[in-house]
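Peer 1: sequence and computational prediction follow.
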Amino acid sequence: MKKVFLFTLVWLFMCGLATESVSAKKRAKAKHVYHKEIAAVDDVQRQINALNSLMQQKMQQEEDPYATEEDTEVPASGVYETWTNRRINPYMTPVAKLPDSVRINLSQYVPPVATFITSHFGMRRYRFHYGTDLKLNVGDPVHAAFNGKVRITGYEAGGYGNYVVIRHDNGLETVYGHLSKVLVHENQPLKAGDVLGLGGSTGHSTGPHLHFETRYLGNAINPEKLFDFAYHMPINDIYVIRKASSFDYQYAKGAHSSAYKKYIAKAGKSHKSKRHRR
């Protein structure tokens, strides 16, 4: 009787061990399946992230086939609310809405072409000339005035011809017109002195020259207020944009002809009396 009892106890004990072993195996298997499912979910998420990244890159390349990761920074983003390749002047910001004074660093200036002026900023018979014309020969290299980024390039038959517009780190935009060939593309970063194109006489032009403009939020500033073209350098390292002095021509244009004559006379005296100061 005791033997039967002992045998029964041993048998029950063995059955318990076997049951425990089976349960442990089931738990281990369930744990393995769980981790496998988690890994599969993570893998799917990684694939989704990779696809999203590829789609974003493709969209960026379709928008600008030359764009790279280094091209993402926009110069003077704190000044301009938009970056667009559609128009030379997309801002249409009236002078009245500009700050009272803005300091512009000109110390890194490189002359687009180191030559002489052939036509000044100002009125020309029936239209206004918003730049300074500089002498060059067809094929002469034209250089970026400051560090910056090409915002727009294009061709305008009745005006600029082949042109380039660069937005600079200092807040200015410069325009280069009548080029025979453009050597840069939109959204391309440039350093001061980099060649952006070759001189020419395209568009509304009577002979080879560079039409050079300086603009702030789309409003042209007489380049001769900023640069001494005889010495090929800035008049001062810092130029302060002020509404009354930097955009005086806008007030004169819309005024009576006598007011404009006074403006022209004042500008002429300024050209004659200007001396190099640095």
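Peer 2: Everything's here; your move.
Peer 1: can you give me the helices in the stretch 101-250 of the chain?
Peer 2: Applying DSSP state H, counting those that start in this stretch to the stretch 101-250 of the chain gives helices spanning 243-246, 248-253.
Peer 1: now those helices in a markdown table, with distance to Gln108, mean neighbour count and mean pLDDT?
Peer 2: Heads up, the C-betas are built off the backbone N, CA and C, glycines and all. Listed next are those as a markdown table, based on distance: least, CB to CB, whole Å; neighbours: other CB atoms under 10 Å; pLDDT from 0 to 100:
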| stretch | distance to Gln108 | mean neighbour count | mean pLDDT |
| --- | --- | --- | --- |
| helix 243-246 | 20 | 16 | 93 |
| helix 248-253 | 26 | 16 | 77 |
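Peer 1: turn the ones you listed into TSV, columns for distance to Arg124.
Peer 2: What follows is the helices of the stretch 101-250 of the chain, written out as TSV (distance: least, CB to CB, whole Å):
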stretch	distance to Arg124
helix 243-246	20
helix 248-253	12
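Peer 1: of all the ones you listed, which one is nearest Phe128?
Peer 2: helix 248-253 (6.4 Å; CB to CB).
Peer 1: contacting residues around the residue lying closest to Asn170 once chain neighbours are set aside?
Peer 2: Distances taken as CB to CB, 6 or more residues apart in numbering put Asn105 closest to Asn170, at 4.8 Å, once the chain neighbours are dropped. Counting by CB atoms under 8 Å, 6 or more residues apart in numbering, Asn105 touches 170, 237-238.
Peer 1: so what pLDDT did the residue nearest to Gly158 when sequence neighbours are not counted get?
Peer 2: Excluding the flanking residues, the one nearest Gly158 by CB to CB, 6+ apart is His204, at 5.5 Å. According to the prediction, His204 has pLDDT 94.
Peer 1: angles on the backbone of His204, please.
Peer 2: phi -80, psi 90 (degrees, to the nearest 10).
Peer 1: ok, back up a step: and the residue nearest to Asn170, how far is that from Pro189?
Peer 2: Here the criterion is CB to CB, to the nearest Å. By it, Asn105 lies 18 Å from Pro189.
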